[in-house]
Each structure stands twice: as structure tokens, then as C-alpha cells.
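K.L.:
I'd like to go over a predicted model; first the sequence, then the structure.
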Amino acid sequence: MSGTPPDDALEAARFVARMDTGIWSDADEAELRAWLSKAPHRHGLLLTTHAAWLLADETAPQAQADNADVTEPVAPGAVRLPRRAVLGGLAAATAGVIGSVLWYDRSIAYATKLGEIRRVPLVDGSVMTINSGSEIKVRIAKRVREVEITQGEAWFEVAKDASRPFVVAAGKAKAKAIGTAFSVRKRDSGVEVLVTEGVVETWSDDADAPRLRVTAGQRAFMGEQSIVRYEATRTSSVDRALAWREGMIDLNGTTLGDAAEEFNRYNDRKIVISDPSMVGEQFDGLFRIGDPEGFALAVRGSLNANVNMDDPRWIRIERAP
């Protein structure tokens, strides 16, 4: 029987419950990291608690929808149990099984709505920031950490664990890192990997595809033919491409066509470049992701364009006569 202090078991249960609500701030993360740093056994305790939380979802009936003490799920497959029962039960169960850590092999699905950006702490200590309109599955197991992006984009701050590779898959494309930070975006034309820290290895499932090591400040793109190519660029360029993490779109010589595509990722009101001759025009500026109107007005002022906002569904931009 383990000698895990009851207070530690209860605190681990509280952290897991807070993670699963989908409301997690920088202060929450700092509090968790501080708590973990004070005792080595707490890392395993947190993992065990999360496993017990998932196991409870398989063995216990769901609470009634009208129960005011029900935790809202982070995503499909998350637990819906009375908070008091979860905290008490997990604290007791965790204290009993910490000596032989329980690993529960199961994927958790996350999805973000249009315009929603979600920051999700993972039980291995990594943090995943999910961009608008994304669908992602995460599996943290004993010997591997796997993420599958079926749609959209996410940025990962990977906790170091050499014994468990952290692998992100998007279609045929794969990206593996240990103790680094990088993003993976699934586009219609292929998969883009941006590295902000450390080294990431990228490859395709195709047997003859080469593997490529991408370092901080570089980007790699894998097209439909599974050809990996990379661009050695400045770190600032990568940071601009990931400005969405702060709710911003940072344009620096971006074409109007690409800028419109970026804004349309986050907004119901779509930007349409009606004049094909303007699609390749370059534009600079820093904008909030939810302000397509501000972008359109800036284009009008800088490029002497006509902007039509009469229809609430569309913003049409064309060259002035």
C-alpha cells in the first residue's frame, strides 16, 4: 500500500477535475507546475489520477443533465460525474494504486468551434493550444504519446520524456519531438510544421519518403505527393505565423488572398477578394482575429480599394476604378 499523503491525492484529483472543465488559465498552470515541483511522486500521482478519472467514465453511470453539480466536458468522451463524488472517489482510489501506476489506454477527442482557441494542459505535463475549427485526438499511454489532427491546427509545448516519444500525425504526415515546441497545421494542400523551440523530425508514412530534421525558426511542408520540403527562416517569421495563439493575425508581406483565408478561419463573415488582380497584392499589419472589418478598412486606406460591407455575410474587396 502506498504512503501517498491524502492531501496530495485530493489535490491531484482537484487539478484533474479543473483540467476537464476546459477552463484553465496561466495562473492554473503555474500553480500546477509549482505543486508538481515540490515532490517527485506527484507526477506519477497526477497521471494515475487522470487514469482513474477516465476509468470512472467507463464504470459509473452518467449524472442527470439537470444536476447542478455536474462538470461540463472538455470534449466528446469527457467525464460527466458529480464533482464531489469524483474528487472524493479519485483521491481514495489514487492513494491505493499509486504504488503500481495505472495506465488506461484511451484517446480523448477535442474540437474547437469557429473562432475558438483553446489551451489544454495534458497529463504528461505538455500543453496543447488548439486553433479555430480543429478536431484532434490525444492518447497518452505508458510508452508513447500520440496526437492525431484530423482537421485544423495546434501548437504543442512538449514535456521532456525520452522514454515516450511525442508524435503528431496529420494524414500521412508525422512529426516527432522530445522536449520541444512546435505547431502542426493540416491544410487542404498538405501539412505544415513550424518549430519554435528544439528539434522536430518529420516524415511521411510512404516507405520511400525521407525524414527531415527541422529546428527552431524553420518550417516544413509535406504536400499531397508526400514530398517534405523545408524553409530556413527567421524565428520572428514563425512567431508571426503563430500569432493566433494570442488572438491575433500578423501580416508581413502576406498576399491579400492568403490574408483573407486567414481571417475566414475564424469568422462567420467571410472576406472575398472579388478582383483577381488584387489577390497577389501584399499587405502588412497586426489585427485581431475577430476583426475582418478592421482589416478590410485598412486595405481600403492602404491600397485604395473598394470595400462593400452591405451584406452581413460577406466583405467584398475589389480594386477601385
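P.N.:
Cool, the structure landed. Keep in mind that what you see is a predicted model, and the values were worked out from it rather than measured.
K.L.:
from here on, contacts and neighbour counts on C-alpha atoms
P.N.:
Noted.
K.L.:
What segments of the stretch 51-200 of the chain are helices?
P.N.:
Remark: helices assigned in the stretch 51-200 of the chain by DSSP state H, counting those that start in this stretch are 83-97.
K.L.:
Give me the residue ranges of it where confidence is low.
P.N.:
Applying pLDDT under 70 to the stretch 51-200 of the chain flags the ranges 51-106.
K.L.:
Please name the nearest non-neighbouring residue to residue 138.
P.N.:
Nearest residue to residue 138, sequence neighbours excluded (CA to CA, 6 or more residues apart in numbering): residue 147, at 4.5 Å.
K.L.:
oh, I was asking about residue 279
P.N.:
Per CA to CA, 6+ apart, closest to residue 279 is residue 257, 4.6 Å.
K.L.:
Could you name the specific helix or strand carrying the one you found?
P.N.:
Assessed by DSSP states H and E, residue 257 sits inside helix 256-264.
K.L.:
again with residue 301
P.N.:
helix 292-303.
K.L.:
Report the mean per-residue pLDDT for the helix or strand just after that helix.
P.N.:
Next helix or strand after helix 292-303 toward the C-terminus (DSSP H and E): strand 305-308. Strand 305-308 carries an average pLDDT of 95.
K.L.:
Which helix or strand lies directly C-terminal to strand 305-308?
P.N.:
strand 314-319.
K.L.:
which of the residues in that next one are buried?
P.N.:
Buried positions in strand 314-319, judged by neighbour count with 16 or more other CA atoms under 10 Å: 315-319.
K.L.:
Going by distance to residue 291, which of these wins?
P.N.:
The shortest approach to residue 291 among the buried residues of strand 314-319 belongs to residue 315, at 11.5 Å (CA to CA).
K.L.:
Now do the closest one, the pLDDT please.
P.N.:
So residue 315 comes in at 97 (pLDDT).
K.L.:
From what I see, it and residue 271 are in contact.
P.N.:
Yes: between residue 315 and residue 271 there is a contact under CA atoms under 8 Å: 4.7 Å.
K.L.:
list the helices and strands whichever helix or strand comes after the helix holding residue 257 packs on?
P.N.:
Using DSSP H and E, the helix or strand that directly follows helix 256-264 along the chain is strand 270-273. Strand 270-273 is packed against helix 256-264, strand 314-319, with contacts defined by 3 or more CA pairs under 8 Å, 6 or more residues apart in numbering; DSSP states H and E.
K.L.:
Residue 290: which of those is closest?
P.N.:
Of all the helices and strands packed on strand 270-273, it is helix 256-264 that lies closest to residue 290, at 7.7 Å by CA to CA.
K.L.:
For the closest one, could you pull out the residues that count as buried?
P.N.:
256-260, 262-264.
K.L.:
what about the longest strand in the protein?
P.N.:
Taking DSSP state E as the criterion, the chain has its longest strand at strand 145-157.
K.L.:
May I have it exported as CSV, CA atoms only?
P.N.:
Extracted C-alpha coordinates of strand 145-157, given in CSV (Å, rounded to 0.1, in the frame of the first residue of the first chain):
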residue,chain,number,x,y,z
ARG,A,145,2.3,9.9,-26.6
GLU,A,146,0.2,10.2,-29.8
VAL,A,147,-1.8,13.1,-31.3
GLU,A,148,-3.9,12.9,-34.4
ILE,A,149,-5.0,16.1,-36.2
THR,A,150,-8.0,15.3,-38.5
GLN,A,151,-8.7,19.0,-39.1
GLY,A,152,-7.1,22.3,-38.2
GLU,A,153,-4.0,23.2,-36.2
ALA,A,154,-2.4,23.0,-32.8
TRP,A,155,0.7,24.2,-31.1
PHE,A,156,2.5,21.9,-28.6
GLU,A,157,4.8,22.6,-25.7
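K.L.:
And that strand, what's buried?
P.N.:
Result for strand 145-157 [16+ other CA under 10 Å]: buried residues 145-149, 151-157.
K.L.:
Who does the residue most central in space within the chain form a beta bridge with?
P.N.:
By CA atoms, centre = their mean, the chain has its centre lying nearest to residue 130, at 2.6 Å. Residue 130 has these beta-bridge partners by DSSP bridges: residue 118, residue 154.
K.L.:
export the buried residues of helix 256-264 to a markdown table and tack on pLDDT and distance to residue 210?
P.N.:
Shown next, in a markdown table, are these (pLDDT from 0 to 100; distance: CA to CA, whole Å):
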| residue | pLDDT | distance to residue 210 |
| --- | --- | --- |
| 256 | 95 | 34 |
| 257 | 95 | 32 |
| 258 | 94 | 29 |
| 259 | 96 | 32 |
| 260 | 96 | 34 |
| 262 | 95 | 30 |
| 263 | 97 | 34 |
| 264 | 96 | 34 |
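K.L.:
Nice, that's everything, thank you.
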